[in-house]
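Undergrad: coords below, sequence missing:
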């Protein structure tokens, strides 16, 4: 293979090595330029990496803040829901007991033969107030409370209808003694509703059903 070396270089290999050394040797200006370019690239690269790291840190910070905001919002909603249920349970329980008390008094009056037109009006007013509270409670109370309370409301309405029939002298299949039994079962229902409410609020671990040795409600 032909070479481009001169005759002198072919006779003296050291001359060739010197030639290549001169070829690869850079002058100071070239070296300074390369060093400057490398420095600029390093500066830009480090800046980009720092910017990327800052963006990642900001994203993590924003994600943490968003999760914390959602958790706080859920906590507020849970407290508000609990407060609404507590208020609804208190009003509902009060009206249930009031209606049961009115029915019990009217039964005793009817059983003793001492009835008056005002009794029917008193029952109807108490029933109306219970109906209004019950309608509002259905929007916030739990399914467990709604099930036992709905059954009790039905029992009380049935007792109200039976008392009205007896007061008006309308024939009915249930006697006053049957009404008394219904009132006693409704009394047990009041306990069950109250305990179901308290359990739902996390304020009681007592049995749902009233113990046999428990005093009258």
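TA: Nice, I can see it. As the structure is a prediction and not an experimental result, all values here were calculated from the model.

Undergrad: and the next element down the chain from whichever helix or strand residue 104 is part of?
TA: Element membership for residue 104 (DSSP states H and E) is helix 28-111. Downstream of helix 28-111, the first helix or strand assigned by DSSP H and E is helix 117-137.

Undergrad: next, the angle helix 28-111 makes with that following helix.
TA: With axes from the mean of the first three to the mean of the last three CA atoms, to 10 degrees defining the directions, helix 117-137 sits at 160 degrees from helix 28-111.

Undergrad: report the mean confidence score over the helix holding residue 104.
TA: The average pLDDT within helix 28-111 is 83.

Undergrad: work out which residue lies at the spatial centre of this structure.
TA: Nearest residue to the geometric centre of the chain (CA atoms, centre = their mean): residue 78, 5.0 Å.

Undergrad: which ones are touching it?
TA: Contacts for residue 78 (CB atoms under 8 Å, 6 or more residues apart in numbering) come out as none. Placement of C-beta: from N, CA and C, glycine included.

Undergrad: tell me how far it lies from residue 84.
TA: 11 Å (CB to CB, to the nearest Å).

Undergrad: quickly list what's touching both of these two.
TA: Taking CB under 8 Å, 6+ apart as the contact rule, residue 78 and residue 84 have no neighbour in common.
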